[in-house]
Structures are given as C-alpha cells and as structure tokens.
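[1] What would the 3D arrangement of this be:
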Amino acid sequence: MWGKGEACKIVCTQPRRISATSVSERIAYERGENVGNDIGYKIRLESKGGRHSSIVFCTNGVLLRVLVSKGSSRFNIEASNNHAKPDVSDITHIIVVINLLFPGFTYPVKTFFLEDVLSILKSAENNHLSSGTLSVSSEDFELTEEDKIALDEAIILAWKNDEFDPLLDLVSGEGNPKVYNYQHSLTGLTPLMVFAGKGRVGDACMLLSFGADCHLQTKDGKSALQWAEQGKQEEAAEIIKKHMQSTCSDSMEQQQLLDKYLATVDPEIIDVVLIEQLIRKICTDSNDGAILVFLPGWEDINRTRERLLANPFFKDSSKFVIISLHSMVPSAEQKKVFKRPPVGCRKVVLSTNIAESSITIDDVVYVIDSGRMKEKSYDPYNNVSTLQSSWVSKANARQREGRAGRCQPGICYHLYSKLRAASLPDFQVPEIKRMPIEELCLQVKLLDTTCKVEEFLKKMLDPPVSETICNAVTILQDIGAFSLDEELTELGEKLGHLPVHPLTSKMLFFAILMNCLDPALTVACASDFRDPFTLPMLPNEKKKAAAAKYELASLYGGQSDQLAVIAAFECWKNAKQRGQEARFCSQYFVSSSTMNMLLGMRKQLQTELIRNGFIPDDVSNCSLNAHDPGILHAVLVAGLYPNVGRLHPPSKGARRFLIETTSGAKVRLHSQSINFKLSFKNTDDCPLIIYDEITRGDGGMHIRNCSVVGPLPLLLLATEIAVAPANDNDNSDDNGDDGSDDDDGTDDDDSEEDVMEMVNKSGAQQGEKIMSSPDNSITVVVDRWLSFGSTALDVAQIYCLRERLSAAILFRVTHPHQVLPQVLGASVYAVACLLSYDGLSGVLYPAESVESLTSMVLATEIDKSVSGRRGTFQNPSGFLRSLMSPGACQDSPVQCQKTKVTAPKNASSRTQVVSHDLHASAGSVGTSPNQPPSQGHTPVGMRSGFSKSYGPRGESFKRQRGKRPK
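    Predicted coordinates for the structure are as follows:
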C-alpha cells in the first residue's frame with residue numbers, strides 16, 4: 001500500500017508485554033530512531049507513539065479491544081511469525097479469527113538431538129563444533145520458485161559446461177538441506193552427484209560435512225557413489241564410501257548410548273548433570289556466544305543454577321555470568337539478559353518459555369532445549385487447575401531453535417531423542433480447552449442475551465468440553481449472574497461491565513457496600529495479574545522471604561496470603577512517596593515493576609467503577625473500613641467463595657496437615673503459602689480456609705494462596721444454608737481422625753450423608769418445630785458439608801441478614817446514586833458491626849464462652865494459645881509500621897453509611913445491636929412488621945440471597961450430589 005502512495009499502518013501483535021516493548025526498541029534502534037516516532041508500542045497502561053506511528057507493536061488483548069471498539073471499520077490483518085495455533089480464549093476471536101501464516105527470517109540453525117549429545121559428551125577430546133555430523137533444521141525454510149529455477153540452471157551449467165561457481169555460490173552460502181539436497185526437476189541430479197561425478201573432491205567433502213544425503217538417486221536410479229564410480233573418480237568414490245560406513249557405525253553407536261541412558265534416567269525429569277556437562281563442553285569448544293537453556297519452571301532453574309555454581313569451572317564471575325529468567329524474578333534481573341557481557345565473559349541464561357516468543361537476546365548462539373514446559377490447564381471433572389511439566393509441541397521446539405538463529409547462525413541441542421521429536425504434537429492445546437470460562441460465558445450473554453451459552457461456544461474452532469461450560473454456568477447461577485433458566489440477570493449485567501472475573505466483580509460490589517474498596521481493588525488486580533512477591537535468588541534468602549511475607553500479613557491479623565499482598569501494596573505506596581521504595585522492595589522481596597503495574601491497574605479499575613456509576617468521583621468515603629480485619633476477611637470470602645476448605649489432620653505417617661475441600665478431596669498447602677505450617681491442637685477447632693484455586697502440580701494437589709476465616713462470613717455469604725435438629729455427635733465423625741490413612745474421605749462422606757439425611761427429613765412441619773422456640777438448639781449446615789451448632793433465634797437473625805444483604809447489594813449496583821433504604825441500611829450496619837467484632841484484637845477469637853450465633857457461637861470455644869488460629873500475631877518492625885497509613889495495625893471502628901460507631905465490646909451487647917436493628921427495620925425482606933425474626937419463618941434449606949433474590953433454585957439439596965463445582 002505504501003508503494004501505491006496510500007496510507008498504511010502495521011499493527012504487530014506480541015504474546016507478552018515485554019515482547020512488545022523489546023521488539024519495538026530493537027527495530028527502532030536498527031532504523032536509527034527513538035521509540036515513539038515511526039515505531040511505537042501499546043500495552044496495558046503504557047504506550048509510546050501515536051497516530052503518526054506507522055508500525056505499532058501491541059499485545060493480543062489491545063488489538064482485540066480496538067477491533068471491538070471500531071465496530072464496522074475495515075481492517076487488513078496479517079499475523080506475522082505465528083508459530084503456534086492461535087488461542088481462542090476471547091469471545092471476539094469468534095467474530096475475528098486471525099490465522100494467516102508466513103515464515104519470519106532466521107539464520108541457519110544446526111540441531112542436535114539426545115543421541116547426538118551423548119556422543120558428543122562421550123568423545124570429550126573432539127571439538128564437536130567443527131564436526132560435520134549435524135542435523136540442520138529445515139522446517140523454517142521453503143524454496144521459492146525462483147530458488148528452484150536458479151538451482152536447476154546452476155546444476156545444468158556445472159554438469160554440462162563445468163561452470164561450478166554458480167552452484168558453489170548457492171550451496172556454500174546456505175546451511176539448508178533443501179538447498180544442498182535439491183534434486184534437479186527433470187533429471188534428479190543433486191549438487192553432491194555433480195561434484196562427485198566431476199571429481200570435485202573438496203566440494204563434495206564440504207557438502208558431506210553439511211550433512212548431504214548420499215542415498216538420493218536420480219531418475220534412472222543412480223546415487224552419488226555410482227556417479228563417481230561411473231566417472232572413474234576413485235578418490236571421490238572412496239570418500240563417499242567411508243562417509244556412508246562412518247554414518248552407519250555412528251548411528252549404531254548412538255542408539256546404544258541412547259538405550260543405555262534411557263535405561264538409567266527418567267526422561268520426564270530434567271537431568272541437570274547432563275545440562276552441566278553440555279554447557280561445559282560448549283564452553284570448552286568455543287570462546288564466545290551466549291547460551292540459552294530452556295527449563296520448565298523455577299525449581300529446575302534453581303537446581304541447574306546451584307549445580308553450575310557448585311562446579312569450580314563456572315565459579316569465576318569474570319568468565320561466566322549466570323542469569324535466571326522467570327516471570328517472578330525481579331525486573332532488574334530480567335533486564336540483565338539483554339546486556340552483552342564483557343569480552344571474555346560467557347553469558348548463560350536459564351529460562352522458562354518466557355524467552356520462547358519474540359524476546360530476542362541478540363548474542364545467543366547456543367540453545368539447550370530440555371523439551372519440557374510448565375503448562376496450566378483445567379480439569380473440569382474435578383474443578384482443579386493443573387500446572388504440570390509436559391512435553392513441548394513441535395511449534396514450541398521450532399520456536400526454541402529460532403532463538404539461536406535470530407541474529408546469526410546458531411546451534412540448538414534438544415535433550416530428547418529423534419523418535420520423541422517425531423511424536424510431539426503439532427501445537428499446544430488451545431487455551432479455551434484448558435482454562436475456566438466463567439468470564440467468557442458472561443461475555444457471551446452480554447453479546448447475545450437470547451442465546452444458550454453451550455450452543456454458542458460449540459461453534460468455536462476448538463470448543464470447550466461440556467463439563468467446563470456446565471461448571472461455569474453453575475457458578476454464575478450461584479452468584480446471581482444467571483437465573484435458573486440461564487437468563488442474564490440485572491446483577492449479571494452489572495458484573496459483566498467490569499473487566500475482571502465475575503467472582504472478583506462480586507467482591508468489589510460487596511466491598512463498596514462495606515466501605516472497604518481500596519484493599520479489594522488490590523486483591524482484584526493482583527489476582528488478574530500476578531503475585532508481587534519475588535523469588536529469592538540465593539538459597540539462604542528463602543527463610544528471609546517467608547518471614548517478610550509473614551510480617552506483612554501480621555499488619556492485618558496474619559495467616560492470609562491475600563492480606564499480605566494488601567499490606568505489601570500499602571507499604572510500597574507509602575515507601576515510594578517517602579523515597580524508600582528500593583529499601584522496602586529489597587527488604588521484603590517485593591517486585592517494584594509488579595507494584596507499579598498493580599497501581600496502574602487499580603486506577604484503571606477504579607475509573608471503570610466510576611464510569612459505570614458504581615462509586616462516586618470522590619472515593620474518599622469508599623474505604624473507611626479498609627483496615628478492619630473482620631470486614632477484610634468477609635470481602636475475601638465474597639470474592640473467593642465457593643473455594644472453602646477446613647484443616648484436616650495429616651494422614652498416617654505424614655507431618656503436614658491437609659485441607660479438606662467440599663468435594664471431600666484432601667490437598668496440601670504450598671510451601672510458599674503463609675499458612676504452610678498451619679495446624680491445630682483440638683479436633684473440634686479445625687480452622688476454615690478460603691483459597692483462590694487448587695493446583696495439581698508434579699508433587700500432587702496443593703493450595704498456594706489462602707486465608708484463615710471464621711464461620712460468620714461464610715454464613716452470611718454462602719450459597720445455601722440449611723437447619724436440622726441438633727446432633728451432639730456431629731463433630732465426632734467429621735474431625736475425629738484416629739490416625740489412619742483416610743485419603744479417600746470415605747468416613748467424612750458418610751458423616752456428611754448422615755447430616756444431609758437429617759436435613760432432608762426436616763420438612764416444613766419439622767422445620768416449624770425446630771424454629772418454634774428461640775432457645776432451641778439446632779444444627780446449621782453450610783453448602784451441604786460444613787455443620788455448626790446454634791440456636792433458632794440466631795439462625796433466624798442470620799437468615800434475615802443474608803436476605804437483606806443480598807437485597808442491599810442489588811440495590812447498590814442498580815441505584816448507585818441513591819441512599820440505601822432505611823431497612824437495608826440498618827441491616828448492612830448490623831452486618832458490619834458483627835464482622836468488625838469478628839476481626840478485633842488481631843482477629844483473635846474470644847476466650848470466654850459465647851452464647852449466640854451472632855456472637856460467634858458456631859465455633860467451639862477457642863483458647864488464644866491454640867496453634868493454627870489467627871491469634872498468632874507477629875509484631876511488625878518499626879520500619880514497616882512507619883509505612884502503614886494511619887489507622888492500620890489498630891482496631892479500626894466500623895464506618896458504614898457515613899456513620900461512625902464503636903464496635904461492641906462484648907458478645908451480649910453486640911447481639912443487642914443486631915436484634916435492635918432487625919426489629920427496627922421490621923417489614924423488610926424476611927420479616928413481617930409485627931413479628932420478631934425468629935417467628936413466622938421456617939428457614940429449612942435456606943438459600944443465599946445472592947441466589948434467592950435473583951431467581952429461586954427450588955428446595956435445597958435437590959441437585960445431584962457432586963454436580964456443584966467443588
């Protein structure tokens with residue numbers, strides 16, 4: 001289009017932010033200009049260049065948003081260097097599908113496979129870099145028609161006229177087997193046959209060193225050896241014979257070495273010893289060129305790094321610089337990979353697949369490909385995310401090879417056999433088939449409210465499995481986004497207006513209602529981006545990093561990974577204002593670049609909330625309870641529910657306590673979690689856990705980020721609760737582990753079934769009898785598995801608060817500029833008082849005996865010294881306290897409805913506050929004007945207001961057990 005004098009702008013998408021910025025900087029440098037003029041980039045929260053820029057690099061998400069916002073505007077789209085099958089993970093891909101391929105330019109890359117590597121290491125005295133027995137990557141090279149015509153002419157000239165220069169120019173300048181193994185279109189002659197038949201011994205040896213195929217035949221069935229013999233070129237014939245014998249012998253020896261190696265080494269495990277030996281061999285046989293090693297994850301990077309540093313050969317920092325490249329590594333460390341080391345110093349980069357796409361390290365000559373990668377996927381049948389090491393695809397392998405040939409010819413060592421290479425899948429599984437799709441399903445309904453989600457998604461190129469869609473729809477129904485017949489509700493429409501997961505949107509709405517917006521914004525952005533804590537680079541720093549995170553969490557009561565992130569952001573922001581950012585980030589292992597990203601994302605999300613009218617322009621009153629631990633824990637429950645678990649004693653022979661989930665599965669806490677050593681002494685006091693996701697890794701299933709919470713937030717926010725007659729033996733079956741190995745959870749399932757049978761027998765008449773007297777002892781069952789003891793009066797009050805809380809949330813998001821009705825305002829105030837009291841004194845539970853559900857009687861009396869509860873408060877350092885905003889680390893009073901109140905100081909007074917508010921607001925949801933809440937209601941099988949207010953689901957426990965997402 002430029003050639004025709006028409007205006008043209010090239011938009012090039014990149015898979016990562018760092019890719020867009022680094023590639024634009026490199027191209028601008030090569031053009032002799034600065035980024036922001038003709039060359040620009042646009043990524044989330046950052047851009048350089050404008051309408052005048054003719055080439056713009058951006059991430060996929062930015063392009064998709066532009067396409068959607070432009071509506072009917074015309075675009076010419078080309079996807080450059082699209083090495084992998086596109087992920088159809090966004091709904092706009094159904095409307096605009098980009099799948100145009102053309103290869104990018106790379107230099108020749110010679111490749112070795114595992115059998116080659118073993119031979120190289122066995123013959124340590126030989127310089128393998130001068131050896132000719134190489135396989136050369138050819139998949140990225142295709143001969144054009146012009147190339148074929150030129151080769152045909154050169155072969156004929158050499159064969160008939162003895163004019164060898166044109167053919168030599170073509171074959172000596174290319175390391176491509178499609179060139180030196182090219183067969184004439186009419187005769188089938190190859191360059192090797194020409195040189196052998198004409199007695200050009202030196203040229204024939206050159207082609208053999210390239211890896212020319214001696215077994216190719218012309219149209220009349222003659223090979224290069226036969227042409228040499230026919231032309232009586234004895235020297236050439238003898239060289240070809242020896243080469244063929246040597247190749248056959250080498251192949252047999254390589255196979256023996258490979259068989260012996262695979263018999264002693266598990267190919268699924270990264271062999272750091274082999275990598276160490278190969279790196280040393282490369283350094284011995286060559287003097288310069290950076291080495292890039294692809295490894296699956298941080299554990300393998302750390303093991304390889306420690307192995308290299310333990311070898312005296314690599315200890316000299318003036319000769320070797322070893323750099324780790326991982327998304328969780330500090331940005332200053334990441335930037336080192338782009339810097340060339342001094343002359344005489346070799347750079348070794350240990351990286352995950354972050355270096356696989358678009359990032360160009362221009363001095364890389366050697367690539368070592370372990371053939372493994374960490375890939376996140378989703379098991380819809382168990383509702384578990386998996387992050388396991390798996391074999392790469394052929395597309396990944398080609399891309400890794402290309403890293404060695406971006407700026408100069410290179411060599412790639414694949415640490416897997418040729419047979420394994422041939423069996424690799426062509427592409428990775430598309431992202432939509434290995435990720436939860438709640439957000440996608442909600443977007444489908446926003447685009448077409450009349451369609452059925454599953455019918456729509458089945459039209460995709462790679463549709464998700466039905467179970468994934470079913471799980472997503474069920475969760476959206478549970479939070480009130482969808483009705484029972486899958487219609488988009490008013491709340492669902494509001495949830496879809498925010499650019500975050502629907503559960504996160506629900507958390508933000510609850511936080512707005514509780515005047516606790518600021519920390520909710522931090523949690524929402526961190527969950528959408530990444531954990532701000534960096535991985536310690538040295539082994540002796542691991543304990544310091546764990547202690548730093550624990551100290552941060554203690555600012556809000558402790559024992560919460562999410563609260564540690566909130567405290568870290570708060571302290572970082574204040575440290576930055578005081579010029580102490582570097583000190584804070586270094587001391588507390590926090591990534592400054594991640595924090596800056598979170599700061600920008602928070603501003604973006606806050607602007608979106610203001611634009612949609614959910615909060616006013618002046619947000620000063622939206623975070624009055626930002627430092628209240630009790631309300632903060634409830635906000636976390638609102639965003640992470642239904643991911644609830646309880647601490648379970650370890651199985652026989654194990655040391656660590658387990659987390660039992662709603663599905664009955666028992667999973668471990670990850671070693672990087674604050675709660676890794678969580679435990680309890682009393683079997684009746686097992687803590688409740690709220691977590692973000694369960695991940696199945698190479699070491700089994702685990703939870704990385706979680707928080708210890710009390711039962712009160714769950715009772716207020718759970719999808720459904722039910723009541724049954726009191727059973728004194730409930731807890732004995734649930735927690736009375738006798739030390740036997742009970743990983744299958746059979747006993748717990750039996751106990752749960754007993755409770756459910758008891759609930760189902762409690763029909764309307766039985767329910768009226770249970771609730772007939774305020775002092776009746778009853779059992780409350782949350783989501784069909786968590787049971788607590790209580791009284792009828794307390795359950796009725798909680799039920800009333802649940803209904804009004806859901807009504808208040810709906811009112812707030814649909815009428816954001818109006819004041820809550822008095823009835824709902826009083827109930828929200830009562831909820832805030834209860835939650836605030838729940839979080840007093842560092843979230844310590846009262847040691848005195850409590851008498852009602854609303855004063856936390858659902859939990860058994862707990863002594864403050866019991867290990868594993870949230871009473872383990874660590875006093876923060878003076879530096880950390882100085883960074884906290886006023887009001888932090890203190891018992892913050894509840895701020896609700898712009899009314900300052902003092903939280904009740906004892907259980908009985910707090911109960912009076914709740915009862916007074918409920919009676920004062922009689923006539924609202926769940927009560928009649930002249931009746932106390934405990935009368936006139938039979939809350940058997942009660943459902944959460946989130947569901948009941950937006951579409952009743954029928955009687956509780958009607959759904960088949962196990963169908964609800966775990």
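[2] How much space separates Leu717 from Gly558?
    Separation of Leu717 from Gly558 (C-beta to C-beta, to the nearest Å) stands at 22 Å. Using the backbone N, CA and C atoms, a C-beta is placed for each residue, glycine as well.
[3] Lys148 now?
    Taken as C-beta to C-beta, the span from Lys148 to Gly558 is 71 Å.
[4] C-terminal to the strand or helix carrying Ser806, what's the next element?
    Using DSSP states H and E, Ser806 falls within helix 792-814. Per DSSP H and E, the first helix or strand lying C-terminal to helix 792-814 is helix 822-838.
[5] What angle do helix 792-814 and that following helix make with each other?
    Calculated by axes from the mean of the first three to the mean of the last three C-alpha atoms, to 10 degrees, helix 822-838 forms an angle of 110 degrees with helix 792-814.
[6] Return the list of helices and strands in contact with helix 822-838.
    With contacts defined as 3 or more C-beta pairs under 8 Å, 6 or more residues apart in numbering; DSSP states H and E, helix 822-838 has these neighbours: helix 629-640, helix 711-717, helix 792-814, strand 895-896, helix 907-920.
[7] Now do the SS call for the closest residue to Asp169 other than its chain neighbours.
    Spatial nearest neighbour of Asp169, excluding adjacent residues (C-beta to C-beta, 6 or more residues apart in numbering): Ala154 at 7.9 Å. Counting by DSSP: H, G, I helix; E, B strand; the rest coil, the backbone at Ala154 sits in helix.
[8] got the contact list for Ala154?
    Pro166, Leu167, Asp169, Leu170 (C-beta atoms under 8 Å, 6 or more residues apart in numbering).
[9] what comes up buried for the helix or strand harbouring the second one?
    Right, Leu167. Per DSSP H and E: Leu167 is located in helix 165-172. For helix 165-172, burial by neighbour count (16 or more other C-beta atoms under 10 Å) applies to Leu167, Leu168, Leu170, Val171.
[10] Next, the angle from whichever helix or strand Ser790 is part of to helix 792-814.
    Element membership of Ser790, judged by DSSP H and E, is strand 786-791. In this structure, strand 786-791 runs at an angle of 120 degrees to helix 792-814, with the same axes, to 10 degrees as the basis.
[11] packing partners for strand 786-791?
    For strand 786-791, the packing partners by 3+ C-beta pairs under 8 Å, 6+ apart are helix 711-717, helix 730-735, strand 777-782.
[12] between those, which gets the lowest average pLDDT?
    Mean pLDDT per stretch puts helix 730-735 lowest among the helices and strands packed on strand 786-791, at a mean of 41.
[13] domain assignment for the chain?
    The chain is divided into the following domains under automatic domain parsing: 10-95, 141-264, 272-376+395-427, 436-497, 711-738+749-858+904-966.
[14] Save these as a markdown table, and put in distance to Phe509 too.
    Shown next, in a markdown table, are the domains of the chain (distance: least, C-beta to C-beta, whole Å):
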| stretch | distance to Phe509 |
| --- | --- |
| domain 10-95 | 23 |
| domain 141-264 | 55 |
| domain 272-376+395-427 | 28 |
| domain 436-497 | 7 |
| domain 711-738+749-858+904-966 | 5 |
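[15] With respect to these, which exhibits the lowest mean confidence?
    domain 711-738+749-858+904-966 (a mean of 59).
[16] In the stretch 251-400 of the chain, mark out all the strands, start to finish.
    Here the stretch 251-400 of the chain has its strands, by DSSP state E, counting those that start in this stretch, at 290-294, 320-325, 346-351, 364-369, 372-379, 384-391.
[17] And for the shortest one, what's in contact with it?
    For strand 290-294, contacts defined as C-beta under 8 Å, 6+ apart pick out 275, 279, 282-283, 304, 341, 346-353, 355-356, 361, 363-370, 373, 400, 403-404.
[18] do that again at 7 Å, thanks
    275, 279, 282, 304, 347-351, 353, 355-356, 361, 363-370, 400, 403 (C-beta atoms under 7 Å, 6 or more residues apart in numbering).
[19] Likewise for the last one?
    The list of residues contacting strand 384-391 from outside it, by C-beta under 7 Å, 6+ apart, reads 296-297, 371-379, 424, 693-698, 701.
[20] now the strands: where do they sit in the stretch 501-650 of the chain?
    With DSSP E, counting those that start in this stretch as the criterion, the stretch 501-650 of the chain has strands at 644-648.
[21] List the residues that contact Asn194.
    In this structure residue 194 is Val, not Asn. Going by C-beta under 7 Å, 6+ apart, Val194 touches Ile155, Ala158, Trp159, Leu167.
[22] where's it, which helix or strand?
    Under the assignment here (DSSP H and E), Val194 is part of helix 191-197.
[23] Over to Val62?
    Applying DSSP H and E, one finds Val62 within helix 60-70.
[24] give me the low-pLDDT residue ranges for the stretch 551-700 of the chain?
    Within the stretch 551-700 of the chain, the stretches with pLDDT under 70 are 651-654, 680-685, 698-699.
[25] how about a cut-off of 80?
    Along the stretch 551-700 of the chain, the model assigns pLDDT under 80 to residues 648-656, 662-665, 679-686, 696-700.
[26] hang on, isn't Asp38 packed against Val56?
    No: the pair Asp38 / Val56 is not scored as a contact, 9.9 Å apart, by C-beta atoms under 7 Å.
[27] Specify which residue of the two has the higher count of neighbours.
    Comparing Asp38 with Val56 by other C-beta atoms under 10 Å, the one with more neighbours is Val56, at 24 against 16.
[28] hang on, that one in a strand?
    Yes: counting by three-state DSSP, Val56 is part of a strand.
[29] so who does Arg646 touch?
    Glu660, Cys686, Pro687, Leu688, Ile689.
[30] picking that back up, what's the closest of the domains of the chain to Ser593?
    Closest to Ser593 of the domains of the chain is domain 272-376+395-427 (C-beta to C-beta; 3.9 Å).
[31] can you tell me the distance between the two ends of that closest one?
    27 Å (C-alpha to C-alpha, to the nearest Å).
[32] how near is Glu333 to Lys347?
    Computed with C-beta to C-beta, the distance linking Glu333 and Lys347 is 13 Å.
[33] These two: who's more crowded?
    For the pair Glu333 and Lys347, the greater number of neighbours falls to Lys347 (21 against 15), based on other C-beta under 10 Å.
[34] The contacts of strand 290-294, buried ones only, as a PyMOL selection?
    Selection of buried members from the contacts of strand 290-294 for PyMOL, criterion 16+ other C-beta under 10 Å:
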select buried, resi 275+279+282+304+347+348+349+350+351+353+355+356+361+363+364+365+366+367+368+369+370+400+403
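[35] Quick check: longest helix in the protein by residues?
    helix 234-264 (DSSP state H).
[36] could you say what helices and strands it packs with?
    Contacting helix 234-264 under the criterion 3 or more C-beta pairs under 7 Å, 6 or more residues apart in numbering; DSSP states H and E are the following elements: helix 114-122, helix 201-210, helix 224-230.
[37] Tell me which residues of the shortest one come out buried.
    Across helix 224-230, burial judged by 16+ other C-beta under 10 Å covers Ala224, Leu225, Gln226, Trp227, Ala228, Glu229.
[38] For Phe320, state which of these is nearest.
    Nearest to Phe320 among these, with distances taken as C-beta to C-beta, is Ala224, at 44.1 Å.
[39] Tell me who's in contact with the closest one.
    By C-beta under 7 Å, 6+ apart, Ala224 lies in contact with Thr190, Leu192, Met193, Ala196, Cys214, Ile240.
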